[in-house]
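Chemist: Predicted coordinates and the sequence they were generated for:
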Amino acid sequence: MSQTITDQERVELAQKEYEDLKIKEKVKVLKSDGRGKDIGTVSQVNNRPTGEQSFIITDKYTPPTAGVYRKKQGK
């Protein structure tokens, strides 16, 4: 994700952590003009026994089983 996002878009992206995101789902935020802005695609969902949940969002879907070379190609 080498794109520049505004503070408002960062807030909206942070609120996405409370949504039920699925693998291969496109993640978008609203720009100030009301249009959608692509952030990336959910490539991995991590559910920890402690209750912590995190998402890996990349520019294009990269499966967890992908090799190191392919993972390094993503942003």
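Modeler: Yes, it's here. Residues are numbered from 1 along each chain as shown.

Chemist: Give me the neighbour count for the closest residue to Lys16 other than its chain neighbours.
Modeler: In space, and not counting its chain neighbours, Lys16 is closest to Val27: 6.4 Å by Cβ to Cβ, 6 or more residues apart in numbering. Backbone N, C-alpha and C define where each C-beta goes, glycine included. For Val27, the neighbour count with other Cβ atoms under 10 Å is 18.

Chemist: ranges for the strands of this structure?
Modeler: Secondary structure of the chain (DSSP state E): strands located at 26-30, 36-47, 53-58.

Chemist: Residues touching the last one, excluding its own?
Modeler: Under the contact criterion Cβ atoms under 8 Å, 6 or more residues apart in numbering, strand 53-58 has outside partners 1, 16-17, 21, 27, 39-48, 74-75.

Chemist: Just confirm Gly40 contacts Val27, I think it does.
Modeler: Yes: the pair Gly40 and Val27 passes the contact test of Cβ atoms under 8 Å, sitting 5.6 Å apart.

Chemist: Can you give me the pLDDT of the residue nearest the centre of the chain?
Modeler: Centroid-nearest residue in the chain, with Cα atoms, centre = their mean: Ile57, separated by 2.8 Å. Listed pLDDT for Ile57 reads 88.

Chemist: ok, now Ser43?
Modeler: Ser43 is assigned 89 on the pLDDT scale.
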